[in-house]
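Novice: this one's sequence-less:
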């Protein structure tokens, strides 16, 4: 399949999810198999198992005294995603939001159900920013997390927290698990923006030494600029959307509210650091263009020095190149050697003069 066909294929899925329809498709790029993993726990025990979509029963999970976390990795099977959404009593348009990675972050709270749409950014081993669409559905004692990929350990810390009963997570209700999942997302965004700031500082250090400036420096600055914009775009809606959860009376218990406020502080940190990165990028661009001017001036300076040295040589060559009949040097046995000697001395004297003036 060619690039145009691939682009058209993605665009068709993208367009289909922009309109109301009976069936929605996954409009992203991570074409991974859809897998389900169920983690159930109480204060005294934890159990995990791989789950088949056809065996998923909301009625059975609601009736159990345990807290349940269903991890859905890979969104390519849109029918399974739609089945899960319908099984737990969410609206069919919620499936559209889950299957559309371009969807803006949002929080919807209605009755006993909560839908949270997030976008997370992280750097891979090649220092390339990756973006992933995350959705959380919460209903009664069940949270369902939807991720496009399963190759990034975004929620590994949450799994470990459940296993170790960190902060008494197993002794609290389902909202405590929700806070841990949200904290994992905001912490990832905070790590990403901190890495962006470090990369920009490295570029700044290289720009301060003209000898270290490479041809790709401008490209690197623009890449980090796009990274900072992507991180800020993923984080900015959370500032307002998280406020809905705080202002909803009784949504978090007084014991849970400080933990959620800490998660909200991460959002503010990301936004402030992203704004700082924007200012750093502006100064880096000015410094980069200044360095380019300095390099250009240095090149012109060298060319001027070379031209200055050759001016007297050109003058002497012009004199001896006139070839007048009665020019005394024409019939002199040592005329050629003396001409070369005079030109070399003239070049050396010019070089000494320029060096004394500090022009080279």
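Specialist: Looks like it arrived, so ask away. This is a predicted model, so every value here is computed, not measured. Numbers count the residues shown, from 1 in each chain.
Novice: Let me see the contact set for the residue most central in space within the chain.
Specialist: Among the residues of the chain, the one closest to the centroid is residue 129, at 3.2 Å (CA atoms, centre = their mean). Contact partners of residue 129, counting by CB atoms under 8 Å, 6 or more residues apart in numbering, are 121, 122, 123, 192, 196, 226, 227, 230, 231. All C-beta spots, glycine's among them, are computed from the backbone N, C-alpha and C.
Novice: Dig out what it forms beta bridges with.
Specialist: Per DSSP bridges, the residues bridged to residue 129 are residue 123.
Novice: Buried ones among the contacts of residue 129?
Specialist: 121, 122, 123, 192, 196, 227, 230, 231 (16 or more other CB atoms under 10 Å).
Novice: sorry, back to before: roughly how far does the residue nearest to the centre of the chain sit from residue 199?
Specialist: For residue 129, the distance to residue 199 equals 10 Å [CB to CB, to the nearest Å].
Novice: burial of residue 179, as a residue count?
Specialist: Neighbour count of residue 179, defined by other CB atoms under 10 Å: 23.
Novice: residues contacting it?
Specialist: Residue 179 neighbours (CB under 8 Å, 6+ apart): 252, 256, 259, 260, 263.
Novice: hmm, try it at 10 Å
Specialist: 158, 167, 169, 172, 245, 252, 256-263 (CB atoms under 10 Å, 6 or more residues apart in numbering).
Novice: mind giving me a markdown table with the residues you listed and columns for secondary structure and neighbour count?
Specialist: Shown next, in a markdown table, are the contacts of residue 179 (DSSP: H, G, I helix; E, B strand; the rest coil; neighbours: other CB atoms under 10 Å):
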| residue | secondary structure | neighbour count |
| --- | --- | --- |
| 158 | helix | 22 |
| 167 | helix | 13 |
| 169 | helix | 20 |
| 172 | coil | 18 |
| 245 | helix | 21 |
| 252 | coil | 19 |
| 256 | coil | 16 |
| 257 | helix | 16 |
| 258 | helix | 10 |
| 259 | helix | 19 |
| 260 | helix | 20 |
| 261 | helix | 13 |
| 262 | helix | 12 |
| 263 | helix | 21 |
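Novice: now the strands: where do they sit in the stretch 1-150 of the chain?
Specialist: For the stretch 1-150 of the chain, the strands defined by DSSP state E, counting those that start in this stretch occupy 35-41, 46-51, 67-73, 106-110, 113-123, 129-139, 142-147.
Novice: quick one, what contacts residue 216?
Specialist: residue 223.
Novice: Distance of it relative to residue 242?
Specialist: 38 Å.
Novice: one step back: closest to residue 153 out of the contacts of residue 129?
Specialist: residue 122 (9.8 Å; CB to CB).
Novice: I figured that closest one hits residue 154, correct?
Specialist: Yes. Using CB atoms under 10 Å, residue 122 is in contact with residue 154, at 7.6 Å.
Novice: who touches both of the two?
Specialist: 132, 188.
Novice: how about the helices of this structure, start to end?
Specialist: 3-16, 58-63, 78-87, 92-98, 156-164, 174-207, 217-247, 257-320, 335-356 (DSSP state H).
Novice: Of the ones you listed, which is nearest residue 34?
Specialist: Nearest of these (CB to CB): helix 78-87, 4.9 Å.
Novice: Give the rounded mean pLDDT of that closest one.
Specialist: For helix 78-87, the mean per-residue pLDDT is 93.
Novice: What ranges in the chain fall below the confidence cut-off?
Specialist: Within the chain, the segments meeting pLDDT under 70 span 1-16, 210-214, 293-294, 319-320, 322-327, 329-330, 357-360.
Novice: Now residue 32: phi and psi?
Specialist: phi -110, psi 150 (degrees, to the nearest 10).
Novice: show me what contacts it?
Specialist: 26, 73, 74, 75, 76, 77, 147, 148, 149, 150, 151.
Novice: These into JSON lines, with extra columns for distance to residue 313 and neighbour count?
Specialist: What follows is the contacts of residue 32, written out as JSON lines (distance: CB to CB, whole Å; neighbours: other CB atoms under 10 Å):
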{"residue": "26", "distance to residue 313": "73", "neighbour count": "23"}
{"residue": "73", "distance to residue 313": "74", "neighbour count": "19"}
{"residue": "74", "distance to residue 313": "74", "neighbour count": "20"}
{"residue": "75", "distance to residue 313": "74", "neighbour count": "26"}
{"residue": "76", "distance to residue 313": "73", "neighbour count": "16"}
{"residue": "77", "distance to residue 313": "78", "neighbour count": "16"}
{"residue": "147", "distance to residue 313": "72", "neighbour count": "21"}
{"residue": "148", "distance to residue 313": "69", "neighbour count": "23"}
{"residue": "149", "distance to residue 313": "67", "neighbour count": "15"}
{"residue": "150", "distance to residue 313": "72", "neighbour count": "16"}
{"residue": "151", "distance to residue 313": "66", "neighbour count": "10"}
